[in-house]
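In: Generate a structure from the sequence data that follows.
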Amino acid sequence: MIDTNLNAEILRQLTRIADAANASHTSGWTEWLKTIVSFIAGVFTAYLGDLIKNRSSDVNDQNKMRRIVYNELAQCFLLQYSMIGAETELKRQRYRVIKNLCAFDGEAYMKENPAVFYGLPEGQTLTQMYYRFHRVDGGGLQSPSIYGLAEMKAPLRFFSKCYQGQSILRKNFKKILESCDYLAIDQAVKAYERPPTLEEWVDSGVIEIVDAPPSHESHPKSI
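Out: Have a look, this model is predicted:
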């Protein structure tokens, strides 16, 4: 959007053109040409200044959104990671998760400011990260939900895949987070490089293996 400063500049330059057109000097055409050139240069300068100002405002808004979102996603990751630690053994361990393990304030902020959100190249990835953390979100203080190891690791695996696959995420996490949090995440994501195994899904109770029913083989009738 062009502000009033640009409109004022255009009006001023148009006034100069009109004055030059009404002048009766012998070098009128020269003055006219100078005025036209000056007008174009003035409009371009005003437009460029307005464009730079708007661009600077957009960048500031995006940086603010990133600070909110990246800090929250980092805390989601670290909190959930700390619950299971470096657990690798299949012990049919169950994790009790209280509602709103993550406040999801950053997600709400993105939804409230769509114009800023759509300016983030990694916006859709951030949304998908939040979606994964929502999948492990308990049923309330009185009745927390219970999850197995594979379910608890699922959002951490997706986070790690995005983190390792997209340089823009690594760059912003490093830029925004405290160095201790960034280093903790940078080390932790290495533990979630592989996808879950069938044994992990079985251990979590998501998949149940049952014995095959006995086969009824037909026997030829005796004659």
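
In: what bits of the protein have low per-residue confidence?
Out: By pLDDT under 70, the weakly predicted segments of the chain are 1-56, 86-90, 139-142, 201, 204-223.

In: show me what contacts Phe104?
Out: Residues counted as contacts of Phe104 (Cβ atoms under 8 Å, 6 or more residues apart in numbering) are 72, 130, 133-134. (Glycine included, C-beta is placed from N, CA and C.)

In: so how far is Arg194 from the residue nearest to Ala103 when sequence neighbours are not counted?
Out: Distance criterion Cβ to Cβ, 6 or more residues apart in numbering; nearest residue to Ala103, sequence neighbours excluded, is Glu72 at 7.1 Å. According to Cβ to Cβ, to the nearest Å, Glu72 stands 27 Å off from Arg194.

In: Give me the more crowded residue out of the two.
Out: Legend: neighbour count by other Cβ atoms under 10 Å for Glu72 and Arg194, higher for Glu72 (21 against 7).

In: The more buried one sits in which helix or strand?
Out: Assessed by DSSP states H and E, Glu72 sits inside helix 28-84.

In: Repeat that for Leu183.
Out: Assigned by DSSP H and E, Leu183 belongs to helix 179-188.

In: So which bits of that helix are buried?
Out: The neighbour-count check on helix 179-188 (16 or more other Cβ atoms under 10 Å) flags 181-182, 184-185, 188 as buried.

In: one step back: restricted to buried residues, select the contacts of Phe104 in ChimeraX.
Out: To isolate the buried members of these in ChimeraX, using 16+ other Cβ under 10 Å:
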select :72,130,133
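
In: my read is Ile146 is in a strand, agree?
Out: Yes. Ile146: assigned to a strand according to DSSP: H, G, I helix; E, B strand; the rest coil.

In: show me what contacts it?
Out: 94-97.

In: what's the most distant pair in those residues?
Out: Arg94 and Val97 (10.0 Å; Cβ to Cβ).
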